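In: Got a predicted structure plus its sequence, pasted below:
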Amino acid sequence: MTRALRLHPDRLFPSDSTQRDIARALYAEVGGLPIVSPHGHTDPRWFAEDSRWQNATELLLAPDHYVFRMLYSQGVALDDLAIPSRAGTPATDPRAAWRVFADHYHLFRGTPSRLWLDHVFAEVFGFDVALEAGTADLYYDRINEQLATPAFRARALFDRFGIEFLATTEGADDPLESHRRIRESGWGGRVVTTYRPDGVIDVEHEQFQPAMARFAELTGEDVWSWQGYLAAHRKRRADFRAAGATATDHGHPSARTANLSAAEAEALFGRIANGGWDAADAELFRAQMLTEMAKMSVEDGMVMQLHPGSFRNHNRQLFASHGRDKGADIPMRADFVSALQPLLDVVGNDPRFTLILFTLDETTYARELAPLAGHYPCLRLGPAWWFHDSPEGMMRYREMTTETAGFYNTVGFNDDTRAFLSIPARHDVARRIDCHYLARLVAEHRLEDWEAAELARDLTVGLVRKAYKL
Amino acid sequence: MTRALRLHPDRLFPSDSTQRDIARALYAEVGGLPIVSPHGHTDPRWFAEDSRWQNATELLLAPDHYVFRMLYSQGVALDDLAIPSRAGTPATDPRAAWRVFADHYHLFRGTPSRLWLDHVFAEVFGFDVALEAGTADLYYDRINEQLATPAFRARALFDRFGIEFLATTEGADDPLESHRRIRESGWGGRVVTTYRPDGVIDVEHEQFQPAMARFAELTGEDVWSWQGYLAAHRKRRADFRAAGATATDHGHPSARTANLSAAEAEALFGRIANGGWDAADAELFRAQMLTEMAKMSVEDGMVMQLHPGSFRNHNRQLFASHGRDKGADIPMRADFVSALQPLLDVVGNDPRFTLILFTLDETTYARELAPLAGHYPCLRLGPAWWFHDSPEGMMRYREMTTETAGFYNTVGFNDDTRAFLSIPARHDVARRIDCHYLARLVAEHRLEDWEAAELARDLTVGLVRKAYKL
Amino acid sequence: MTRALRLHPDRLFPSDSTQRDIARALYAEVGGLPIVSPHGHTDPRWFAEDSRWQNATELLLAPDHYVFRMLYSQGVALDDLAIPSRAGTPATDPRAAWRVFADHYHLFRGTPSRLWLDHVFAEVFGFDVALEAGTADLYYDRINEQLATPAFRARALFDRFGIEFLATTEGADDPLESHRRIRESGWGGRVVTTYRPDGVIDVEHEQFQPAMARFAELTGEDVWSWQGYLAAHRKRRADFRAAGATATDHGHPSARTANLSAAEAEALFGRIANGGWDAADAELFRAQMLTEMAKMSVEDGMVMQLHPGSFRNHNRQLFASHGRDKGADIPMRADFVSALQPLLDVVGNDPRFTLILFTLDETTYARELAPLAGHYPCLRLGPAWWFHDSPEGMMRYREMTTETAGFYNTVGFNDDTRAFLSIPARHDVARRIDCHYLARLVAEHRLEDWEAAELARDLTVGLVRKAYKL
């Protein structure tokens, strides 16, 4: 028996009828607004080349570590899912991989992946039966057929999704070639880059040396001297701004910042450059560079984003065999209060500066982040991130930040995804949960209905445009 | 267009009709009970002098760091709000400051400040239109007119608010002059003090030396010797008890306690007294003094309160320009399990001792505080504190403490405020949230309705009277 | 006036009618399923001897530290509750103790103890009036009368409760005599043991030396040599498997694991054995032994359980007078991310291995445990444990784990209790809360109704049978 696939119009709304009616009315105002996506990881080549995808497995399964990590956790081998390893892409038939996925689709019950995937299946590909073992081939074939059509090329989907703005993320050593081609193509889609210099800041990253070499080459600076290194950052930030960037992004292990004297900073950089550093130096250098980046943001107006707290590549065996981004990044306990003070000492009260904070440690929402953002003029709270980018996670985010930071110290939604097709689904979930939360406040007479309507629109498009200076 | 201001009679109740009806019935029993306020920071001079306030800005804006920190976080300059700095009160016209506040009133949507302020506007001042740019002058003028009348002097408001008991907080170096005048005035209001000796315990406080000098003068003891210092505390505790105090309060950076031998304690005090201390000594001395205070509480029966975990004056620039209490105190991660053990080793099982614990780190509710309070006879849990003194914060407090500590190891509500006019609003929010929580338990058949009615009364007046020995 | 005791058929379900109807329907499918109890602390002698209990106090009050710790926290002396101390059982009349308990029964309002006890009173003993001072004797007499009847002997209750499987927990130095007698008795009840070797691993335990002596005697191994010690574990694990065990259990202060070289491990054991260890060695040895146990689990297929994070015997005075398990074990902050990595480096990807993780620190659910279990094939999440084994606690568990780990990386319910009579009550609470949670997902259109029905059954019996290899 085949099961129906249906996206209920009231999904994610409260079932209490008073609240549900309010949520419906709010959502009616914002559900159709354009998508503003200021932080994500789609590949700009897709839009430069107007790519098409080959098949369902390559498009939906292989790049989505949310999906394959869950299958892996239940004993499915990555090879059976056609996930590339360091040895290359396994010989697995992509259709066979898709069948394994379909066979295990029940594992996603109660997870956001399920919500996003069903949205993609129903809205993007038009399915009305659920994915399960018995419909695996039907899905595989129909998806592939559609992928072969012009309507499923990258730019057509971009337009169909109603994307007003899409930021990608590139390293300091990236030539920004795809973005140049997008701009020169005459296509109207607004796809811009974000400056993510981690690769030339984190000396513990295995690609630090080659990244520095490209950084030197692209800037013509002596990047192994402290002043040359800083000058190279300034040049590349200018390049990125020329390519439309309004923001930088920093994905450090911790939120630690430092405020060294010029001499101390130069001496520290000397140890980084000559290889005489230890782990404490590596951490201190990352810390100091956050403050350096903040100072450059004051100069050039780029909005700074900080995404700390992920223990990368926790599964060493898997890292050895398959490399990065295989679902083995695990959140750690975070501290922001002491960690951010050195940076805030320098630029915390500067009206030209904006720092958007993200966390993987929800205990910091009410205890640290909301009080910090509810005081410092430069601080804003990024949305619920990564593992918490889910109905319960988003609800906890609102419940634990709003009372202290208010709504206006937040910046709307980030989809933060490389799964292009899921972007509308993710924004839709965020809008529904915001409407759910606002509906509860109205139903409990903590907010007037007209205020909730204004807020729903601000949370959807207003705050993001303002925070990211779009 | 002017918007209506209305306090909905069902505000903060669940919207589910089953629960709402129960909440209404519970609230009908407790909404009108007298206010018992065992911990707060109003100025006793107001009641000694039967003060009147000059204008809306001075009364509602300038002293409320909940309010101006939010405005500051969104780029409003403190000078424009007429907030005093170290240089004195700025020349800003208070009406202009009020207009800035009114203009930004939307920032408070979803925050407890909004609930409290609207309550004050509607209930205390009788407004039926909302505060916004267009009503700023109307508000300013009408508030000021009323403030000029006898009904708005401190004692009249105290009576109107139905306050049965109000505790203020004074330092160990305070002569308690206002409390003496209150007692001698013949006025019937019960305003008492609380012994807060932090100023003569925290050697890192910039006012430690002058506070010690006054401490010596008021007691006639040699406060720079260990025995003289302890004797001075005993004398001042007796003075405070004579002024009606039933409690002490301690606002330390951490909950750390110590149980040094007499010789070790004396040696440590020697370093504090002769200036030969370091940061570790300062922390250890605070730790030891909590245990000394606990031992004195066993002797004299004063209830001890501990409010740890705030990182004071986090914004160094602002501290330099504007001093303390400017909205830049940020919660830190807290530990109670190891920290309290030395003190509990000494007095943890003593039936004469009560220690009421507060936290800014909600993760300690279910993990540490409820298990501790659900075991040690001396421990009680103070209510949700500071940033968590809000609808969601109070609800989390009940959800995370009740199952392990029960209701009877809690002590009712503290408003903890210097914003005198907001006291009824704050107690009303607490009562409504307690009724909300109890209504859910009844609706889910986890509690009988008659038990909830008993509990609502206990949470409102019964437990606080008992815990603070009123 | 006597109050009625009633177990409402909708207890613990949401009061929202949409959700409640779904919860009812789900519960109708699972409420009557057999009890599978894979982790608990009942005494196997009860089933070996088909014990009967003497009186209500001995059965329900004295062994239940959830109950007497709450009474103690409110100033009731343990002697007055007939709680045994190191000096023996006090002379307190058990009826008098029962009256004290009845007199203070209101303290349990809002706690899970209240739910469990009322369930026992109503369902096991047939009461229809509530316990309070006025019914104390009625309760005491009627319970005792029933306890004297054959229907209240251990095996009869086991059958009446519908228990399909019950695991007890025994130390590595236990001769498993009761389990032998159970097997040889011909009785059909399935009661098996669990290997809990903490007593011979934790050198800081006061009973380490005698436990090692018995360990040596039972195995005939030279347990004071590293190889002999490991061989003794292997032998005893085999003994336990022969007695039906499918699992081991480890109750360490922290989740720390280690991966020492063979030489380092042997040297460390040398210090443990010859008394030349310090606290760091003790912790490192516990850490290393978790990895050793994991490796043995790979060999012999026993499922490993880790219960870390309790600060045992926090109240030193009470420990001195009354010994262990007196309600003074307090949860501590936990870390799993760094702590588990050494063990996971060795066996984390081994398909033969299962490690079930429990926590007392709810902040690790969403931040650490769900991401770890949602990735590593060997990891599963145990249910909400100890203080969190309660309606709110279980709900938070689902809300904070499901979205990242899914349902299928969880293992159903553990009652973890020595209070035999409360087992049906505890399983019933868990089933009701699961139905409550699932009903919300269905009502918010996050799950289809048929999926929820499948899940309700899996959460009740399917996952536990699979995870524990029953």
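Out: In hand now; what should we look at? Numbering: from 1, shown residues only, chains lettered A, B, ... in the order given.

In: So the residue nearest the centre of chain A: helix, strand or coil?
Out: Residue closest to the mean C-alpha point of chain A, counted by CA atoms, centre = their mean, is A:Asp416 at 1.7 Å. For A:Asp416, the assignment made with DSSP: H, G, I helix; E, B strand; the rest coil gives coil.

In: got a list of what it touches?
Out: A:39-41, A:385-386, A:389 (CB atoms under 8 Å, 6 or more residues apart in numbering or on different chains). C-betas here are computed from N, CA, C, even on glycine.

In: The same query, at a cut-off of 10 Å, please.
Out: If a contact means CB atoms under 10 Å, 6 or more residues apart in numbering or on different chains, then A:Asp416 has A:37-41, A:169, A:249, A:307, A:358, A:382-383, A:385-386, A:389, A:426 as its contacts.

In: Give me the pLDDT for it.
Out: Listed pLDDT for A:Asp416 reads 96.

In: and if you look at the one 5 residues further on?
Out: Per-residue confidence at A:Leu421 stands at 97 (pLDDT).

In: and what of the one 4 residues further on?
Out: Looking at A:Ala425, its pLDDT reads 98.

In: and it, how many residues sit next to it?
Out: 25 (other CB atoms under 10 Å in any protein chain shown).

In: picking that back up, how about the residue nearest to the centre of chain A, phi and psi?
Out: With angles defined as degrees, to the nearest 10, A:Asp416 sits at phi 50, psi 40.

In: So it versus chain B, what's the distance?
Out: For A:Asp416, the distance to chain B (CB to the nearest CB, to the nearest Å) stands at 24 Å.

In: Please report the distance of that residue from chain C.
Out: Separation of A:Asp416 from chain C (CB to the nearest CB): 15 Å.

In: How about A:Ala216?
Out: In terms of CB to the nearest CB, A:Ala216 sits 35 Å off from chain C.

In: Tell me which helix or strand that residue sits in.
Out: helix A:208-219 (DSSP states H and E).

In: try A:Thr248
Out: With DSSP H and E as criterion, A:Thr248 is part of strand A:247-250.

In: Now do that strand, average pLDDT.
Out: 98.

In: quick one: buried residues of the helix or strand following that strand?
Out: Counting by DSSP H and E, the element after strand A:247-250 in chain order, helix or strand, is helix A:262-274. By neighbour count on 16 or more other CB atoms under 10 Å in any protein chain shown, the buried set for helix A:262-274 is A:265, A:268-269, A:271-273.

In: Report the angle between the helix holding A:Ala216 and helix A:262-274.
Out: 110 degrees (axes from the mean of the first three to the mean of the last three CA atoms, to 10 degrees).

In: Chain B contacts on the stretch 1-150 of chain A?
Out: For the stretch 1-150 of chain A, the residues in contact with chain B (CB under 10 Å from any CB of the partner chain) are A:14-20, A:22.

In: if you set the cut-off to 8 Å instead, what comes out?
Out: Residues of the stretch 1-150 of chain A lying near chain B by CB under 8 Å from any CB of the partner chain: A:16, A:18-19.

In: chain center to stretch A:430-449, what's the gap?
Out: Chain-centre distance of stretch A:430-449: 25 Å, with CA atoms, centre = their mean, to the nearest Å.

In: With stretch A:371-389 instead?
Out: Averaging C-alpha positions (CA atoms, centre = their mean) puts stretch A:371-389 14 Å from its chain's average.

In: And it, end to end?
Out: Using CA to CA, to the nearest Å, one end of stretch A:371-389 lies 22 Å from the other.

In: Over to stretch A:348-365?
Out: 19 Å.

In: picking up where we left off before, output the contacting helices and strands for the strand holding A:Thr248.
Out: Judged by 3 or more CB pairs under 8 Å, 6 or more residues apart in numbering or on different chains; DSSP states H and E, strand A:247-250 is in contact with strand A:195-196, helix A:279-300, strand A:303-306.

In: which stretch among the ones you listed comes nearest C:Arg333?
Out: Smallest distance to C:Arg333 across those (CB to CB): 22.0 Å, for helix A:279-300.

In: Could you check the closest one and say which residues are buried?
Out: Using 16+ other CB under 10 Å as the test for burial, helix A:279-300 gives A:281-294, A:296-298.

In: Output the contacting helices and strands for it.
Out: By 3+ CB pairs under 8 Å, 6+ apart, helix A:279-300 packs against helix A:226-242, strand A:247-250, helix A:262-274, strand A:303-306, helix A:337-347.

In: chain center to the longest one: distance?
Out: Averaged C-alpha coordinates place helix A:226-242 at 24 Å from its chain's average position (CA atoms, centre = their mean).

In: Give the buried residues for that helix.
Out: Neighbour-count burial for helix A:226-242 [16+ other CB under 10 Å]: A:226, A:228-233, A:235-237, A:239-241.

In: then that helix to PDB, C-alphas only?
Out: Extracted in PDB, the C-alpha atoms of helix A:226-242 (Å, rounded to 0.1, in the frame of the first residue of the first chain):
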ATOM      1  CA  TRP A 226      52.500  40.600  10.000                       C
ATOM      2  CA  GLN A 227      51.900  43.900   8.200                       C
ATOM      3  CA  GLY A 228      51.800  42.100   4.800                       C
ATOM      4  CA  TYR A 229      49.400  39.600   6.200                       C
ATOM      5  CA  LEU A 230      47.000  42.300   7.500                       C
ATOM      6  CA  ALA A 231      47.300  44.200   4.200                       C
ATOM      7  CA  ALA A 232      46.400  41.000   2.300                       C
ATOM      8  CA  HIS A 233      43.200  40.700   4.400                       C
ATOM      9  CA  ARG A 234      42.300  44.300   3.600                       C
ATOM     10  CA  LYS A 235      42.900  43.700  -0.100                       C
ATOM     11  CA  ARG A 236      40.800  40.500  -0.200                       C
ATOM     12  CA  ARG A 237      38.000  42.100   1.800                       C
ATOM     13  CA  ALA A 238      37.900  44.800  -0.800                       C
ATOM     14  CA  ASP A 239      37.800  42.200  -3.500                       C
ATOM     15  CA  PHE A 240      34.900  40.500  -1.800                       C
ATOM     16  CA  ARG A 241      33.000  43.700  -1.300                       C
ATOM     17  CA  ALA A 242      33.500  44.400  -5.000                       C
END
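
In: any idea of the mean pLDDT in it?
Out: Averaged over helix A:226-242, pLDDT sits at 98.

In: That one relative to helix A:208-219, how many degrees between them?
Out: Using the same axes, to 10 degrees, helix A:226-242 lies at 70 degrees relative to helix A:208-219.

In: Show me the one of the helices and strands packed on strand A:247-250 that comes nearest B:Tyr66.
Out: Nearest to B:Tyr66 among those is strand A:303-306 (26.2 Å), distances taken as CB to CB.

In: Give me the contacts around that closest one.
Out: Contacts to strand A:303-306, defined as CB under 8 Å, 6+ apart, come from residues A:39, A:194, A:246-250, A:252, A:255, A:290, A:293-294, A:297, A:353-358, A:382, A:467-469.

In: quick one: strands adjacent to that strand?
Out: If you go by DSSP bridges, strand A:303-306 pairs up with strand A:247-250 (parallel), strand A:355-357 (parallel).

In: Give me the buried positions along stretch A:87-94.
Out: Neighbour-count burial for stretch A:87-94 flags A:90, A:92, A:94 (criterion: 16+ other CB under 10 Å).

In: which one of the buried residues of helix A:262-274 is nearest chain C?
Out: A:Ile272 (24.8 Å; CB to the nearest CB).
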